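Chemist: sharing a model prediction with you, sequence too.
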Amino acid sequence: MRSNFRRAELYVGRLITALILTVGSGVAAAQNCMSVDPSNLLLNFGQVAVGTHTVIYDVKITNNCSANMQITSFSFSPSEFVLSGGWAPYTIAQGDNMTFEVRFKPDAAQVFNGTFTVNVAGYNPVVVSLTGTGFLSNAVPTWSASSVTFNNVPLGTTSAPQTVTLTNTGTQAVSVESIFADPPFAVSGFTPYQLLQPNVPLPLQVTYTPSFTGTSTGTLVVTTNNLPPTGVSLTGTGVGSKTFGIKSFPTLPWGTQGASYLATLKTTSGVGTVTWSLASGSTLPSGLTLSSTGTITGTIASSVGGGNHNFTVNATDSASHTASLLMTLPVGTPTGAVCNNIDWDVRGTTTPMVPITDLGKGTYLGSTGGLYLNGSNFMPKGHDNDGVNYAKQIEPLDANGNPDPNGKMALISIGMSVASDTFEIFTEDAGADPSVNPQLVFVPGAQPRLGANNWTLLTLPAWQDIFEYFLPQSGVTADQVVAAWVESVDANPRGGFPADMVTLQTELETTAQLLHTAFPNLKIAFFTSREYAAYENGLPHQGDPEPYAYESAFAVRGAIQDQLNGVPGMNYNPVKGPVNAPWIAWGPYIWANGMMARSDGLTWSCHQFRADGEHPSQIGGGSEQDANMLLNFFKNNDATAPWFLAH
């Protein structure tokens, strides 16, 4: 899980006071309708290491009293100041705002001064001064190994630790802000914010605790104050065990003070009924109990302190085999989300929703489960073979789209704010993973406040930002984009199931067609539905709560199924007629019903979300969980590995 020290959860640089600008002419000027934050019209990014970037700074323009206010255009200068979100043209209704997100990415050790200009009809341009200083960090991270592998670790056990060493072979110390590895891997041997002096090794111990048989991958990632993230690839293989043991990961899902909690413990190789108990002297956080069947339930008392709570559990099977495990339950403060929604029921019933990967041939409001038809989670073999063949054709390209061994390949994201947040963390983790192809470039096309309907016309601002800003800021052209990842839904849906999903499916299919039009060398695209969203149910903001977030999977499945069924508008095969879309398939399926663990153990706890209950949190590890699933998908899928991984 990503350390709390990694990045501030709220974007810094937002100043509290807004300035009422007396600009323009006529009625607008008399009403002083426009306010701008920051009030001093200055963003000072401070000192930033070359090759890194700042967190997001905001420029917010608010319409305080006019019926409508029209933003017509905006611009940056110089190119070291980059756009992360916001678009034009945009009509700001009374009381609403447009927030532009700005970053500083220095490419030289010098002072950069620039401007961000927003043109608003009827007003003088809003001109925000930008300043920042690039510097060379003079620190060089060097690892003792690029990968760590754990072979044949039995379920119910934790591997012996393996040591991998990070050394700063540069000339200047660097502050290590966080070091993390996601389950089933764990890392120890460091203190946050410790200084890594030149030529002083930092040995780290990595362990692997498998919860299922088969191979798991991950990345050990180190973040510092002035270097890009750096890391080591992790691989582990879990095998069956003949010995009775506890196979739950030692660190449980987060709990929240004053909120309901649920965790189910599991064993392997037991005989008959397994009985659970707390070891002598161990206690759970106040308000929780451990049942004899291995379920931890209750409401965590508001008086329980934040941080890690340790206790030991015992398990005994019918043959008197015993096992014990020291477990950790992290507890956080309330975020503002609706934390007592630990699972969400189908409207009008008392039956909790089941992940479609576990639903099989069961039904949800008349629709069967499975990522594909007939309750199956497996792609039809012919479609899979086509995807693998396209993947093998992907190669580095020059700016004009011609094959070039020294060229680049771009993977672009499409979608809304949740997709934008996930892709940002995914990009950092992938950049730190030495197993990822170094010629692969990640283009952050997804951005806040853009629903699926905003991606249905190439002339809409969502696409224009990609062409005018996100592609050039990433150093690639549209001709170098070879693949896409899409997570896209609409906010505040009203139609109900299945009508909302008919609309969303049409929008997703249009998006796939526009990907084909916009990027002539894009061959494949992967679609992901929403993660769990019931922690926003009942909050006043407009979002995409449950059951809509759950139901979005049926729209993704429907779009893929139209391609499988040979719908002409989704054809990717030139042998079968005009090509109108790339080859598409499921990306990672990331929905789980709150803290009711799905079959592979995935849960979503309230503390993993921000106050809006909608966006996974960095502090709580939610955005890292999303990003980790996405990274592991691209590292392991047979239609991505040929071009995503270094060879």
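Modeler: Yep, that arrived.
Chemist: correct me if wrong: Ala121 contacts Ser66.
Modeler: No: look at Ala121 against Ser66 with Cβ atoms under 8 Å: they stay out of range, at 10.3 Å. For the C-beta atoms, the positions are set from N, CA and C on the backbone; glycine is no exception.
Chemist: so these two - more neighbours on which side?
Modeler: Ranked by neighbour count (other Cβ atoms under 10 Å), Ala121 and Ser66 place Ser66 first, with 16 against 13.
Chemist: let me know the pLDDT of that one.
Modeler: pLDDT for Ser66: 85.
Chemist: buried set for stretch 493-501?
Modeler: Residues Pro493, Phe497, Pro498, Asp500, Met501 are the ones in stretch 493-501 that count as buried (16 or more other Cβ atoms under 10 Å).
Chemist: ok, stretch 474-489 next?
Modeler: Buried residues in stretch 474-489, counting neighbours by 16+ other Cβ under 10 Å, are found at 474, 476-489.
Chemist: can you give me the end-to-end span of that stretch?
Modeler: Its first and final residues considered, stretch 474-489 spans 25 Å by Cα to Cα, to the nearest Å.
Chemist: next one: that stretch to chain centre, how far?
Modeler: Distance of stretch 474-489 from its chain centroid, counting by Cα atoms, centre = their mean, to the nearest Å, is 16 Å.
Chemist: then stretch 466-484?
Modeler: 20 Å.
Chemist: cool, and stretch 320-338?
Modeler: That offset, for stretch 320-338, works out to 23 Å (Cα atoms, centre = their mean).
Chemist: keeping just the C-alphas, turn stretch 411-423 into CSV.
Modeler: The C-alpha coordinates for stretch 411-423 follow below in CSV (Å, rounded to 0.1, in the frame of the first residue of the first chain):
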residue,chain,number,x,y,z
LEU,A,411,-0.8,4.2,-24.8
ILE,A,412,-3.5,6.7,-24.2
SER,A,413,-6.2,6.9,-21.5
ILE,A,414,-9.8,8.0,-22.2
GLY,A,415,-12.4,8.8,-19.6
MET,A,416,-13.3,10.8,-16.6
SER,A,417,-11.6,12.0,-13.4
VAL,A,418,-11.4,8.5,-11.8
ALA,A,419,-9.7,7.2,-14.9
SER,A,420,-7.4,10.3,-14.9
ASP,A,421,-6.4,9.6,-11.2
THR,A,422,-5.8,5.9,-11.9
PHE,A,423,-3.7,6.5,-15.0
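Chemist: show me what the mean pLDDT comes to for that stretch.
Modeler: Mean predicted confidence for stretch 411-423 is 96.
Chemist: cool, and stretch 578-597?
Modeler: Computed over stretch 578-597, the average pLDDT equals 97.
Chemist: next, the buried residues of it.
Modeler: 580-597.
Chemist: put the alpha carbons of that stretch into PDB.
Modeler: Provided in PDB are the C-alpha atoms of stretch 578-597 (Å, rounded to 0.1, in the frame of the first residue of the first chain):
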ATOM      1  CA  PRO A 578     -14.600  -1.600 -43.800                       C
ATOM      2  CA  VAL A 579     -12.700  -1.200 -40.500                       C
ATOM      3  CA  ASN A 580     -14.600   1.100 -38.200                       C
ATOM      4  CA  ALA A 581     -13.100   0.300 -34.800                       C
ATOM      5  CA  PRO A 582     -10.000  -1.200 -33.200                       C
ATOM      6  CA  TRP A 583     -10.000  -4.700 -31.700                       C
ATOM      7  CA  ILE A 584     -11.500  -4.200 -28.200                       C
ATOM      8  CA  ALA A 585     -11.600  -6.400 -25.100                       C
ATOM      9  CA  TRP A 586     -12.000  -6.100 -21.300                       C
ATOM     10  CA  GLY A 587      -9.300  -4.400 -19.300                       C
ATOM     11  CA  PRO A 588      -9.200  -5.200 -15.600                       C
ATOM     12  CA  TYR A 589     -12.500  -5.700 -14.000                       C
ATOM     13  CA  ILE A 590     -12.200  -3.700 -10.800                       C
ATOM     14  CA  TRP A 591     -15.600  -3.800  -9.100                       C
ATOM     15  CA  ALA A 592     -16.100  -5.600  -5.700                       C
ATOM     16  CA  ASN A 593     -19.100  -5.100  -3.400                       C
ATOM     17  CA  GLY A 594     -17.600  -3.000  -0.700                       C
ATOM     18  CA  MET A 595     -15.900  -5.100   2.000                       C
ATOM     19  CA  MET A 596     -17.700  -8.300   0.800                       C
ATOM     20  CA  ALA A 597     -14.600  -9.900  -0.700                       C
END
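Chemist: pretty sure Asn151 sits in a helix.
Modeler: No: looking at Asn151 with DSSP: H, G, I helix; E, B strand; the rest coil, it is strand, so not inside a helix.
Chemist: touching, it and Gly238? I think so.
Modeler: No: between Asn151 and Gly238 there is no contact under Cβ under 8 Å: 10.1 Å.
Chemist: related to what we said a few turns ago, in helices, which of the buried residues of stretch 493-501 fall?
Modeler: The members of the buried residues of stretch 493-501 that map onto helices under DSSP state H are Asp500, Met501.
Chemist: tell me which of the buried residues of stretch 493-501 has the lowest pLDDT.
Modeler: Lowest pLDDT among the buried residues of stretch 493-501: Pro493, 83.
Chemist: if I look at that one, how far off is Tyr589?
Modeler: 20 Å (Cβ to Cβ, to the nearest Å).
Chemist: can you check Leu325 too?
Modeler: The value you get for Leu325 to Tyr589, if Cβ to Cβ is used, is 29 Å.
Chemist: domain parsing for the chain?
Modeler: As given by automatic domain parsing, the domain ranges for the chain are 19-135, 141-239, 245-332, 356-644.
Chemist: in JSON lines: those, plus distance to Trp344.
Modeler: Compiled in JSON lines, those are given as follows (distance: least, Cβ to Cβ, whole Å):
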{"stretch": "domain 19-135", "distance to Trp344": "29"}
{"stretch": "domain 141-239", "distance to Trp344": "24"}
{"stretch": "domain 245-332", "distance to Trp344": "12"}
{"stretch": "domain 356-644", "distance to Trp344": "4"}
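Chemist: go through those domains and pick out the most buried.
Modeler: Most buried of the domains of the chain, by mean neighbour count (mean count of other Cβ atoms under 10 Å): domain 356-644, with a mean of 20.
Chemist: measure that one end to end?
Modeler: 27 Å.
Chemist: now swap in stretch 601-619 and tell me
Modeler: End-to-end distance for stretch 601-619: 21 Å, by Cα to Cα.
Chemist: before we move on, the earlier item: just the buried residues of stretch 474-489 now: which is nearest Leu457?
Modeler: Proximity of these to Leu457 was ranked by Cβ to Cβ; the top entry is Ser488 with 13.9 Å.
Chemist: shouldn't that closest one be in contact with Gln447?
Modeler: No: counting by Cβ under 8 Å, Ser488 sits too far from Gln447 to count as a contact (11.4 Å).
Chemist: name the residues contacting each of those two.
Modeler: Met416 (Cβ atoms under 8 Å, 6 or more residues apart in numbering).
Chemist: tell me where the model's unsure across this structure.
Modeler: 1-31, 347-348 (pLDDT under 70).
Chemist: can you tell me which residues contact the closest residue to Pro355 other than its chain neighbours?
Modeler: Closest residue to Pro355 apart from its sequence neighbours, by Cβ to Cβ, 6 or more residues apart in numbering: Arg598 at 4.5 Å. Contact analysis of Arg598 by Cβ under 8 Å, 6+ apart lists Pro355, Thr357, Asp358, Ala592.
Chemist: ok, Asn199 next?
Modeler: For Asn199, the contacting residues are Thr167, Asn168, Thr169, by Cβ under 8 Å, 6+ apart.
Chemist: sitting in strands, which of the residues you listed do you find?
Modeler: Residues of the contacts of Asn199 located in strands (DSSP state E): Thr167, Asn168.
Chemist: from the contacts of Asn199, pick the one nearest Leu460.
Modeler: Looking across the contacts of Asn199 and measuring by Cβ to Cβ, the closest to Leu460 is Asn168, at 46.5 Å.
Chemist: pretty sure the closest one contacts Val140?
Modeler: Yes: with contact defined as Cβ under 8 Å, Asn168 counts as touching Val140 (6.5 Å).
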